[in-house]
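Visitor: no FASTA, just this:
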């Protein structure tokens, strides 16, 4: 892949994954997870970056090949194989170490990061339904999610599907309408987001700020950031392995261990597992994605609609 084709999205995904890891290290060792803005912790903002990028790239995948079965197969191949290895491997390591779970840790869940993955899948499903039903899936998705966000907030507090879906839908709109990614609309989104946050509508305000900034940086090809793709996309592996690695670290070293000392152990172990997950599992699974031969025979490698090169992980 040439410099012109590589973008900064892989680097941003790694940044988002590390934001979650750093934030969780506080919580898992019994320390307070400080907020960055309003009720949002560093890890929470990392998850919002993930959903924003996902909305952009998954919509690009649909636009490049609007086939229901192939879209579903690509999504499954991207997420399921790594999980099918990570979950039994985690349980096996815990058993070998004789930990029998984490009853003595401040937090007891074996892998608390996985709770967001079903919401990611729900967003895929909503995009798939919108794409199959209309020629403008991003608009339908965004309107539907925004309506659900408002209604759920009025009734009993915003649901997580509406919350995360809002960022996914924003990323989808930014992919569907290239002019929304230009400098002036981006600046307007930042101003509007700040205004909403200043009157207490932080969740809605960040839905204008996080996706627009994330995509504005992600579509660029900056030296250093774009080169992260050379080592592979480690973000998913970091996300699914960090929590259990941190739990094991706290169980073996004790929650009273200094924060940076815990981090110094869990980061390299997590990175090693993420690299193994990418090179041994995820990358090989992605080779099975349907449509590769069809694309090769019908103009593979062309830029996707809107002038952006297709992401290799679509």
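Guide: Great, that's in hand. Here the structure is a predicted model, which means the values were calculated and not measured.
Visitor: got any ranges where the stretch 151-300 of the chain has weak pLDDT?
Guide: 154-156, 291-300 (pLDDT under 70).
Visitor: centroid residue for the chain?
Guide: residue 50 (2.5 Å; C-alpha atoms, centre = their mean).
Visitor: got a list of what that one touches?
Guide: 13, 16-17, 116, 120, 235, 239 (C-beta atoms under 8 Å, 6 or more residues apart in numbering). In this view, the C-beta of every residue, glycine as well, is placed from N, C-alpha and C.
Visitor: thinking residue 57 is in contact with residue 12, fair?
Guide: No - applying C-beta atoms under 8 Å, one finds residue 57 not in contact with residue 12, separated by 10.9 Å.
Visitor: for this protein, what spans make up the strands?
Guide: 35-37, 40-41 (DSSP state E).
Visitor: Return the most buried member of those strands.
Guide: Stretch with highest mean neighbour count among the strands of the chain: strand 40-41 (a mean of 19; mean count of other C-beta atoms under 10 Å).
Visitor: what does that strand contact?
Guide: Contacting residues not belonging to strand 40-41 are listed as 23, 33-35, 48, 202, 206 [C-beta under 8 Å, 6+ apart].
Visitor: List the buried residues in the top helix by length along the chain.
Guide: In the chain, taking DSSP state H as the definition, the longest helix is helix 68-96. Judged by neighbour count using 16 or more other C-beta atoms under 10 Å, the buried positions of helix 68-96 are 70-71, 74-75, 77-79, 81-83, 85-86, 90, 94.
Visitor: other SSEs contacting it?
Guide: helix 42-64, helix 117-133, helix 235-253, helix 283-286 (3 or more C-beta pairs under 8 Å, 6 or more residues apart in numbering; DSSP states H and E).
Visitor: Which strands or helices does the shortest one pack on?
Guide: If you count contacts as 3+ C-beta pairs under 8 Å, 6+ apart, helix 283-286 packs onto helix 68-96.
Visitor: Taking helix 235-253 as reference, get the angle to the helix it packs on.
Guide: Angle, helix 68-96 to helix 235-253, by axes from the mean of the first three to the mean of the last three C-alpha atoms, to 10 degrees: 10 degrees.
Visitor: before we move on, the earlier item: need the helices and strands packed on helix 68-96 in JSON lines (columns: distance to residue 183).
Guide: Shown next, in JSON lines, are those (distance: least, C-beta to C-beta, whole Å):
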{"stretch": "helix 42-64", "distance to residue 183": "17"}
{"stretch": "helix 117-133", "distance to residue 183": "27"}
{"stretch": "helix 235-253", "distance to residue 183": "27"}
{"stretch": "helix 283-286", "distance to residue 183": "34"}
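Visitor: Identify whichever of those helices lies nearest to residue 184.
Guide: Counting by C-beta to C-beta, residue 184 lies closest to helix 42-64 out of the helices and strands packed on helix 68-96; the figure is 19.1 Å.
Visitor: Distance from the closest one to the middle of the chain?
Guide: Put simply, helix 42-64 sits 6 Å off its chain's centre (C-alpha atoms, centre = their mean, to the nearest Å).
Visitor: With stretch 78-90 instead?
Guide: Averaging C-alpha positions (C-alpha atoms, centre = their mean) puts stretch 78-90 16 Å from its chain's average.
Visitor: any idea of the mean pLDDT for it?
Guide: Averaged over stretch 78-90, pLDDT sits at 97.
Visitor: Ok, stretch 132-149 next?
Guide: 91.
Visitor: got a list of what the residue nearest to residue 192 when sequence neighbours are not counted touches?
Guide: Ranked by C-beta to C-beta, 6 or more residues apart in numbering and with sequence neighbours excluded, the top spatial neighbour of residue 192 is residue 208, at 5.1 Å. By C-beta under 8 Å, 6+ apart, the contact list for residue 208 reads 170, 189-190, 192-193, 196.
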